[in-house]
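Asker: I'll drop the sequence and a predicted model, then ask my questions.
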Amino acid sequence: MKRVKLLGSGCKRCQTAAEMVEAEAGRLGIAIELEKVTDLAAIAAYGIAATPGIVIDGKVVHAGGLPRPEDVARWLAN
Amino acid sequence: MSTTTPAPPAERTSLWLAGTTGAVALWFALYSLLQPLSDRLAALLPLARPGRLADAAAFFVYETPKVLMLLTLVVFAMGIVRSFFSPERTRVVLAGRREGLGNIAAAALGTVTPFCSCSAVPMFLGFVSAGVPLGVTFSFLIAAPMVNEVALGLLFALIGWRVALAYFAFGLLIAIVSGWVIGRLHLEAWLEPWVRELRSAAAQIPASPLTPADRIKAGLEAVQDIVGKVWLWVAAGIAVGAFIHGFVPAGVLAAIMGRGTWWSVPAAVLIGIPMYSNAAGIVPVVEALLGKGAALGTTLAFMMSVVALSLPETIILRKVLTLRLIAVFIGVVGSGILAVGFLFNLIF
């Protein structure tokens, strides 16, 4: 079970990124637990400067803009 | 790791490059044919000639595709440029910078770093918590929304390169000087308390290198995203402009917004600050105002205050800044815009 956190204050891209993570996880058959972090202080505490940010098992793998699907797959598989 | 076998990267890259070259060539061919094509289209309209309505229609039929085509090219090119920058890297460059040079670097990076007003607050927090000085952060946050490719591309397409260049130069100058002034005032105590205490190490994000094809895709995404959002504004703005061109007598605005009326600059700024419109909606109006005798400084001051300062933006910033700091921010930037307005009316 991968613990995925999506950092973002509710912008459209954050929503799209969350759907992307779910889609890739479903395609690869990886069980994930997705949590959306919208609190500004909590987001800033991860040390990112742009949203959406993606945290997998406590590690920041992405910040700012939409990720590429193949990158999402790689992060989930690792 | 991947379940499908992708084509060799080199082959994909050359395909993308060839496709882009072809598309750009097509763009230029179409653009050079725009005048005769639009003339023929306008001639088909059942309107009395010569007549004001026919003039307005001809203006609209030519200007709308012209402006949208130029905008598409500029946004595509800037989408590729922006793919070389990221807020994360900009922050690393600016962290610990001293004021002065830091303000200049921040304003310059503000024009090329991917920026969306929806992530202005996370960006502000990310910068300040990682040790970017407050004034330097403000220089970035002032330049990013004000000096962008949509504003510059439209000014260039509708009014000309001189005005676009002047907007670019003075927009940067306002961002640099305003940020520097805010830094000199040492207003860190006026941040919201929880923001002051925020200290976070910048996250180490493993880089995934972009291929040339990825960058071209980034350009296409920018076109889809930005042009897809603003084309209606552009068309509506040009329609209003076309109407003014055809029907409002020349010089009618000279008395209110002309060079001789000193109070028109502060009035334009005061009206512009609470207003919000993206650059796409405001530039065609600016063009129409200029055509009817409004002074350049007054008109640019109006545009700058609409684009750079807005009520929605201050409401977002209120989450991290105290009201006093927001007042200083608006006061300093507003004064800068005012100075530029007066200066332009004096020079041009």
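Answerer: Here it is on my side, so go on. Numbering: from 1, shown residues only, chains lettered A, B, ... in the order given.

Asker: all contacts plus neighbour counts: C-alpha atoms, from now on.
Answerer: Noted.

Asker: Report the central residue of chain B.
Answerer: Geometric centre of chain B, nearest residue: B:Asn148, 3.1 Å, by Cα atoms, centre = their mean.

Asker: Now for that residue: which residues touch it?
Answerer: By Cα atoms under 8 Å, 6 or more residues apart in numbering or on different chains, the contact set of B:Asn148 is B:Thr111, B:Val112.

Asker: Against B:Pro36, how distant is it?
Answerer: 31 Å (Cα to Cα, to the nearest Å).

Asker: ditto for B:Ala308
Answerer: On the measure of Cα to Cα, B:Ala308 and B:Pro36 end up 38 Å apart.

Asker: More neighbours: which of those two?
Answerer: Of the pair B:Ala308 and B:Pro36, B:Ala308 is the one with more neighbours under other Cα atoms under 10 Å in any protein chain shown, namely 27 against 11.

Asker: And that one, how close does it get to B:Pro206?
Answerer: For B:Ala308, the distance to B:Pro206 - Cα to Cα - is 34 Å.

Asker: Check B:Glu99 too.
Answerer: From B:Glu99 across to B:Pro206, the span is 30 Å (Cα to Cα).

Asker: The nearest residue to B:Met146 once chain neighbours are set aside: what's it in contact with?
Answerer: Ranked by Cα to Cα, 6 or more residues apart in numbering or on different chains and with sequence neighbours excluded, the top spatial neighbour of B:Met146 is B:Ala308, at 5.0 Å. B:Ala308 makes contacts with B:Ile142, B:Pro145, B:Met146, as judged by Cα under 8 Å, 6+ apart.

Asker: Between the two ends of stretch B:302-321, how far is it?
Answerer: Taking Cα to Cα as the criterion, the two ends of stretch B:302-321 lie 25 Å apart.

Asker: in that stretch, what's buried?
Answerer: By neighbour count with 16 or more other Cα atoms under 10 Å in any protein chain shown, stretch B:302-321 contains the buried residues B:302-310, B:313-314, B:317-318, B:320-321.

Asker: same thing with stretch B:322-338?
Answerer: Buried, per 16+ other Cα under 10 Å, within stretch B:322-338: B:323, B:325-326, B:328-330, B:332-338.

Asker: Please work out which residues outside it touch it.
Answerer: With Cα under 8 Å, 6+ apart as the criterion, stretch B:322-338 contacts B:174-175, B:177-178, B:181-182, B:187, B:190-192, B:265-266, B:269, B:273, B:301, B:304-305, B:309, B:314, B:317-318.

Asker: among those residues, which are in reach of chain A?
Answerer: Subset of the contacts of stretch B:322-338 in contact with chain A: empty, counting by Cα under 8 Å from any Cα of the partner chain.

Asker: which of these are buried?
Answerer: Buried by 16+ other Cα under 10 Å: B:174-175, B:177-178, B:181-182, B:190-192, B:265-266, B:269, B:273, B:301, B:304-305, B:309, B:314, B:317-318, out of the contacts of stretch B:322-338.

Asker: Any idea which helix or strand in chain A has the lowest mean pLDDT?
Answerer: helix A:40-45 (a mean of 85; mean pLDDT, DSSP states H and E).

Asker: can you tell if it touches chain B?
Answerer: Yes: Helix A:40-45 lies within reach of chain B by Cα under 8 Å from any Cα, at A:Leu40, A:Ala41, A:Ile43, A:Ala44, A:Ala45.

Asker: for the third one, what are its contacts?
Answerer: Translated: A:Ile43. Neighbouring residues of A:Ile43 by Cα under 8 Å, 6+ apart: A:Leu7, A:Gly8, A:Val37, B:Pro122.

Asker: Pull the most distant pair out of those.
Answerer: Farthest pair in the contacts of A:Ile43 (Cα to Cα) is A:Val37 and B:Pro122. Separation: 12.3 Å.

Asker: More neighbours: which of these two?
Answerer: Taking neighbours as other Cα under 10 Å, A:Val37 and B:Pro122 compare with B:Pro122 leading, 23 against 18.

Asker: hang on, isn't that one packed against A:Ala50?
Answerer: Yes: at 6.0 Å, B:Pro122 counts as touching A:Ala50 under the criterion of Cα atoms under 8 Å.

Asker: what secondary structure does residue 55 sit in?
Answerer: Just going to use chain A. Classification of A:Val55 using DSSP: H, G, I helix; E, B strand; the rest coil returns strand.

Asker: ok, and the closest non-adjacent residue to it?
Answerer: A:Lys5 (4.9 Å).

Asker: ok, and for the lowest-mean-pLDDT helix or strand in chain B, which residues are buried?
Answerer: Scoring the helices and strands of chain B by mean pLDDT, DSSP H and E places helix B:254-257 at the bottom, with a mean of 74. Using 16+ other Cα under 10 Å as the test for burial, helix B:254-257 gives B:Ala254, B:Ile256, B:Met257.

Asker: Can you tell me which residues in chain A are near chain B?
Answerer: Counting by Cα under 8 Å from any Cα, chain A comes close to chain B at A:11, A:40-41, A:43-51, A:60-64, A:70-71, A:73-74, A:77.

Asker: hmm, try it at 10 Å
Answerer: In this structure, chain A approaches chain B at residues A:7-13, A:27-28, A:40-41, A:43-52, A:59-65, A:67-68, A:70-71, A:73-74, A:77-78, judged by Cα under 10 Å from any Cα of the partner chain.
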